[in-house]
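[1] Okay, predicted coordinates and the sequence, questions at the end:
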Amino acid sequence: MAQPAHQTFQPDTHNHSRREDLIRRPEQRRAFPVREAQRYLRQKERSFAPLAYAVFLLATLLIFSTSYTTYAFSKYRGVILPGVYVDHLDLSGMTSSQAENAIYRQLTAIYYRPLHIVFGTNSWDPKNTDIGLRYDVPRTVALAEGIGRKGGFLRDLIDRLPLHPDHHLAMGYALNPTELNAYLMAIANHYVQRPAVNAQLQTRPSGTIALIASRPGLRLDMPASLRAIESALGYLTRQTVALRADHISPVITNAAADSVKARVDRFLQHLPVIRMGKHRIVPQRTDLVKMISFGQKVTGPHSAVIQMNVSPSAVRAYIAGLAARVDRAPIDPRMDYSMGQVHVIQQARSGRTLDQAGAYDALLATITSLRPGAHLTFTVHVIQPPVDQTNPATLGITTLLAEGTTSFSGAPASRTDAIGIILKSLDGDLLPPQQQISFNTLVGTNWDPSVYEDVEVKKNGTLVPGAGGAMQQVATTFLRAMYGAGLTLVERHAHTYRLPWYEPPVGLDAVVAPDRNWDLVFTNNTGKYLLIKTRLEPVRQQAYIYVYGPKLGWNVSVDQTGKILKVIPHGPRLVRQVPTLPVGTIQQTQYAHDGAIVVVRRTITYRNGHTHTDEIRTRYSPWRAVFQVGTQSAAPNPTPTPPASKHRSSGSGGTPTPTPIPSG
């Protein structure tokens, strides 16, 4: 229902008030009721009370902190703070001297042996002097005293609180780096360091290739080992330190070596086949393996490979062995001279020779390339004999040029037989023109050594040839024949001393010795072939060598006696005591000879009347007689012998009468 217009408005408390109704007008602001003031003050108290309480508490806490800080910083004056340790030794509350004494007591057990070093199954306990170690106790105590004093105010205060952190210090020490490094290197060189071994291939005499496995190496990790040792020295108890080592891988692995071995094995399983004329040869594995060796070839700073090497000398030796099976020297026809004509008594034979240079190149290339199952053909050349046997008259041999003869009267039958065999090997030989004539080549060198041992024996008071020396007899005869024919002498060796059966002439003898490279060599300067014929007179014990050739138109004259320029007397006899000969035995082993300087001259007169003279000069050494005298004592008589009478005559004494030694 509508209200009257004059009715006063009563605000509804449940409705919102307008802002204009709540704010007093300026003229009413001074009229502040008491209740509202009280309400205003209570609101102010409620807003400022927490701040006041906080200020009060903060002031109280500040006063307490200042008081406690003053107390804490004064409480531990002159001692080490709680919670300070060196290793596990508690130094809390100790003075510096007390702390030093405590540390020294702990160090007593390890001072001289501070470490136990191990590597693998080896171990070492070095002395402090071995590694240059010196403990610094005062410095360690000084560091302990500095805890809570040198870390800044807040940090020092925290270290002094009842609930404080612990501090564990390492024991201070000083090391001599040079001595420590030297000690570690000595250990490393003997027990740690081990070079890496590359895989290798080796040949076996059985013809196989063996793989030598690689092995990793070791190298001491010096920085890591030093750090471990330095860390272990900070304890007050002996620590065990394991040395650190790096593994070094080999440059050539087993797989790389095995790949090379597989190629070589395949080559050796399929051997090359060699054809030489009518010969078909398959080399043995052992022959080829002898030619192969293995090495390492560096291909970079840290890389290498296995390299197969082929020995040129081994390949040449194998080819030379094949040549020995194939080569055959041509054989000239053997000739005889009779009735002024030359006749063929033995037909010539062609020779053959392997082309060793070509064979070497082919085999070397095959082995180097490891070409399995290769087929090689080596060239064999046929060599025709230089002498045309179809017309012996073309050789120009028409006359006897010279004859050489020697005597060996008194020699045993064995010497005579040997001389006959050697002469037969020379009989019918053709000597080509303008070539050197080697006595050793003509007769060969595959003779028993006894034929070179020219010794003398005494028979019926006369010195005669011994059983050996047949080769020197024939060589002397050959010298006289060739020298008498006018051939040029190139090499000749004389006997050491004069032997009577070679004279006359004195000074025209020869000695050959293949083991000493002594030969008798001439040059055929006639321009034609020469023919050698030999003859042996076993009854008269004389040897003959004849030289046939062309009519040269010169005349050769050789001194038939020789000229002695000087005689060199022999010395006194030499007596040697031999304990293996019985007492009283005397044997003469050498006979006295005077030495001499002798010259034999040869004169060649040519068609135009010109002459040429040369000579052979020989120096024979003097040779004194040598006697052996026995000094062997008689065997003791087991039967007791009664003592000799003091009155026994001197003629019945037990000393034998010495046998006189001949003066010669």
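    Nice, I can see it. Keep in mind that what you see is a predicted model, and the values were worked out from it rather than measured.

[2] Please, where are all the strands along the stretch 551-664 of the chain?
    Using DSSP state E, counting those that start in this stretch, the strands of the stretch 551-664 of the chain run over 555-558, 563-568, 574-582, 586-590, 595-605, 611-620, 626-632.

[3] and of those strands, who's closest to D166?
    strand 574-582 (97.5 Å; C-beta to C-beta). Every residue, glycine included, has its C-beta placed from N, CA and C.

[4] Would you mark the buried spots in the closest one?
    Within strand 574-582, no residue counts as buried by 16 or more other C-beta atoms under 10 Å.

[5] cool, and stretch 501-508?
    W501, Y502, E503, P505, V506, G507, L508.

[6] what does stretch 171-188 give?
    M171, G172, Y173, L175, L180, N181, Y183, L184, I187, A188.

[7] How about stretch 187-199?
    Here stretch 187-199 shows I187, A188, Y191, V192, A196, V197, N198, A199 as buried, counting by 16+ other C-beta under 10 Å.

[8] start to end distance for it?
    Distance across stretch 187-199, first residue to last, is 27 Å (C-alpha to C-alpha, to the nearest Å).

[9] Use 25 as the first number for this chain going forward.
    That works, and once the first residue is 25, the last one we named lands at stretch 211-223.

[10] which residues touch it?
    Here stretch 211-223 makes contact (C-beta atoms under 8 Å, 6 or more residues apart in numbering) with 141, 143-144, 146, 148, 235-244, 246, 267, 269, 272-278, 280-282, 320, 328, 330.

[11] and these, which are buried?
    Applying 16+ other C-beta under 10 Å to those flags 141, 143, 148, 238, 241-242, 244, 246, 267, 269, 272, 274-276, 278, 280-281, 328, 330 as buried.

[12] Quick check: helices, which of those are part of them?
    Among the buried ones among the contacts of stretch 211-223, the members falling in helices (DSSP state H) are M246, N278, A280, A281.

[13] Chain neighbours aside, what residue packs nearest to V582?
    Closest residue to V582 apart from its sequence neighbours, by C-beta to C-beta, 6 or more residues apart in numbering: R626 at 4.9 Å.

[14] Name all residues that make contact with K552.
    Per C-beta under 8 Å, 6+ apart, neighbours of K552: L419, G420, I421, P457, G573, P574.

[15] cool, and P574?
    G420, I421, T422, T423, T550, G551, K552.

[16] now, the most widely separated pair of those residues?
    T423 and G551 (14.6 Å).

[17] helix/strand/coil for N213?
    helix (DSSP: H, G, I helix; E, B strand; the rest coil).

[18] Would you mind measuring from it to R101?
    Using C-beta to C-beta, to the nearest Å, N213 is found at 55 Å from R101.

[19] what are the pairing partners of whichever strand or helix holds V265, and which direction each?
    Per DSSP states H and E, V265 falls inside strand 263-266. Partner strands and pairing direction for strand 263-266 (DSSP bridges) are strand 139-143 (parallel).

[20] now the helices for this protein?
    43-46, 58-99, 120-131, 161-169, 177-184, 201-211, 246-256, 278-293, 309-313, 336-350, 380-393, 437-450, 463-467, 494-508.

[21] Helix 437-450 and the last one, what's the angle between them?
    Interaxial angle of helix 494-508 relative to helix 437-450 (axes from the mean of the first three to the mean of the last three C-alpha atoms, to 10 degrees): 50 degrees.

[22] how big is the angle separating helix 494-508 from strand 635-644?
    Using the same axes, to 10 degrees: helix 494-508 against strand 635-644 is 160 degrees.

[23] Tell me the buried residues in helix 494-508?
    Per 16+ other C-beta under 10 Å, helix 494-508 contains these buried residues: 494-508.

[24] Output the contacting helices and strands for that helix.
    Other helices and strands packing on helix 494-508, by 3 or more C-beta pairs under 8 Å, 6 or more residues apart in numbering; DSSP states H and E, are strand 423-431, helix 437-450, helix 463-467, strand 566-573, strand 579-582.

[25] Which of the ones you listed has the highest mean neighbour count?
    Compared across the helices and strands packed on helix 494-508, strand 566-573 shows the largest average neighbour count, a mean of 21 (mean count of other C-beta atoms under 10 Å).

[26] Check which helices and strands it is in contact with.
    Partner elements for strand 566-573 (3+ C-beta pairs under 8 Å, 6+ apart): strand 423-431, helix 437-450, helix 494-508, strand 554-561.

[27] Between the contacts of P574, identify the one with the most neighbours.
    I421 (23 neighbours; other C-beta atoms under 10 Å).

[28] how far away is it from G301?
    35 Å.

[29] Ok, K557 next?
    For K557, the distance to G301 - C-beta to C-beta - is 36 Å.

[30] quick one: which of those two has more around it?
    Between K557 and G301, K557 has the larger neighbour count (other C-beta under 10 Å), namely 21 against 14.

[31] Run through the residues that contact S147.
    Counting by C-beta under 8 Å, 6+ apart, S147 has contacts H140, I141.

[32] and it, what pLDDT?
    S147 is assigned 93 on the pLDDT scale.

[33] Please name the bridge partners of it.
    Going by DSSP bridges, S147 is paired in beta bridges with V142.

[34] Can you tell me which helix or strand of this protein has the lowest average pLDDT?
    In the chain, the helix or strand scored least confidently by mean pLDDT, DSSP states H and E is helix 43-46, which has a mean of 58.

[35] related to what we said a few turns ago, identify, from the buried residues of stretch 211-223, the entry nearest to A166.
    The closest of the buried residues of stretch 211-223 to A166 turns out to be I211 (C-beta to C-beta; 34.4 Å).

[36] measure that closest one to T153 for me?
    Taken as C-beta to C-beta, the span from I211 to T153 is 16 Å.

[37] G492 too?
    79 Å.

[38] Compare the two (neighbour count), which wins?
    Legend: neighbour count by other C-beta under 10 Å for G492 and T153, higher for G492 (20 against 11).

[39] if I pick that one, what's in contact with it?
    R439, S474, V475, Y476, E477, D478, V479.

[40] cutoff 7 Å now
    Residues in contact with G492, defined by C-beta atoms under 7 Å, 6 or more residues apart in numbering, are S474, V475, E477, D478, V479.

[41] now do G231
    R309, T310, V313.

[42] Once you drop chain neighbours, what's closest to Q226?
    Using C-beta to C-beta, 6+ apart, the closest residue to Q226 is A234 (4.9 Å).

[43] cool, and I592?
    Closest to I592 by C-beta to C-beta, 6+ apart is G619, at 3.2 Å.

[44] For the closest residue to I134 other than its chain neighbours, give its distance to T429.
    Spatial nearest neighbour of I134, chain neighbours left out: R262 (4.5 Å); criterion: C-beta to C-beta, 6+ apart. Separation of R262 from T429 (C-beta to C-beta) stands at 104 Å.

[45] How about Q331?
    From Q331 to T429 the distance is 66 Å (C-beta to C-beta).

[46] if we can go back for a sec, neighbour count says what about the contacts of G231? Which are buried?
    For these, a burial check counting by 16+ other C-beta under 10 Å picks out V313.

[47] rewinding a little: and the two most separated of the buried residues of stretch 211-223?
    Comparing all pairs in the buried residues of stretch 211-223 by C-beta to C-beta, the longest separation belongs to I211 and A223, at 28.7 Å.

[48] on that earlier part again, near the residue nearest to V582, how many other residues are there?
    18.

[49] okay, now the domains of this protein?
    60-96, 278-407, 420-654 (automatic domain parsing).

[50] Let's have those domains in JSON lines, adding distance to L167 and mean pLDDT.
    Below are the domains of the chain laid out as JSON lines (distance: least, C-beta to C-beta, whole Å; pLDDT from 0 to 100):
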{"stretch": "domain 60-96", "distance to L167": "21", "mean pLDDT": "75"}
{"stretch": "domain 278-407", "distance to L167": "47", "mean pLDDT": "86"}
{"stretch": "domain 420-654", "distance to L167": "90", "mean pLDDT": "91"}
